[in-house]
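[1] got a predicted structure here, sequence first:
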Amino acid sequence: MSKIYKEPFIELAGGRIRCCRCQALSRRSKKQCKKPALKGKAVCDFHGGKSTGPKTQEGRLRIASAKTVHGNETKARREERSASDARMRNFEDLIHVLGMTTAPRWRGRKPNSYVPIRTIEQAKAWVAADLLGRHKK
């Protein structure tokens, strides 16, 4: 994947004024915004340059608790999915340790709570803990 080059400056008034260019990118065309950034900011007023963030302690707490990165996904949902992915990776480790498959393992990022199972003793301990309900479901 190629890295998108962003122009740091823009020339206005026939080249007499040089200022910082808005660093926002279009989602659809992947092109950089053509407006100048606000003074001391990286983006123009249209892309959030006028925002000062929450002012009160309650506002800061509300933003921190509701922090979403991609749409409607919350911290709780991300943690739930991470725990589920870790459990699935442990099941995969289990079938590999027991010799039930020779298929390649999952690729990609490992969940935060994932601890690999490499030996039969670790597999027995993990199954016992799973039967007692110690793992998140």
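    Good, I have the coordinates.
[2] would you agree residue 123 is in contact with residue 96?
    No: at 9.6 Å, residue 123 and residue 96 do not qualify as touching, with contact defined as Cβ atoms under 8 Å. Where you see a C-beta, it was placed from the backbone N, CA and C, and this is true even at glycine.
[3] buried ones in the helix ranked longest in the chain?
    For the chain, the longest helix by residue count, based on DSSP state H, is helix 75-97. Going by neighbour count (16 or more other Cβ atoms under 10 Å), the buried part of helix 75-97 is 82, 83, 85, 86, 87, 89, 90, 92, 93, 94, 96, 97.
[4] gap between the residue nearest to residue 33 when sequence neighbours are not counted and residue 74?
    Nearest non-adjacent residue to residue 33, counting by Cβ to Cβ, 6 or more residues apart in numbering: residue 22, 3.9 Å away. Computed with Cβ to Cβ, to the nearest Å, the distance linking residue 22 and residue 74 is 29 Å.
[5] out of the two, which sits in the more crowded spot?
    residue 22 (24 against 13; other Cβ atoms under 10 Å).
[6] so what's the more buried one up against?
    Residues near residue 22 by Cβ atoms under 8 Å, 6 or more residues apart in numbering: 32, 33, 34, 35, 36, 37, 42, 43, 44, 46, 47, 49.
[7] list phi and psi for the nearest residue to the first one once chain neighbours are set aside.
    For residue 32, the nearest residue in space outside its immediate sequence neighbours is residue 6; the separation is 5.4 Å by Cβ to Cβ, 6+ apart. Per-residue torsions, residue 6: phi -110, psi 130 (degrees, to the nearest 10).
[8] contact partners for residue 6?
    21, 23, 25, 32 are the contacts of residue 6 under Cβ under 8 Å, 6+ apart.
[9] from the residues you listed, which would you call buried?
    21, 23, 32.
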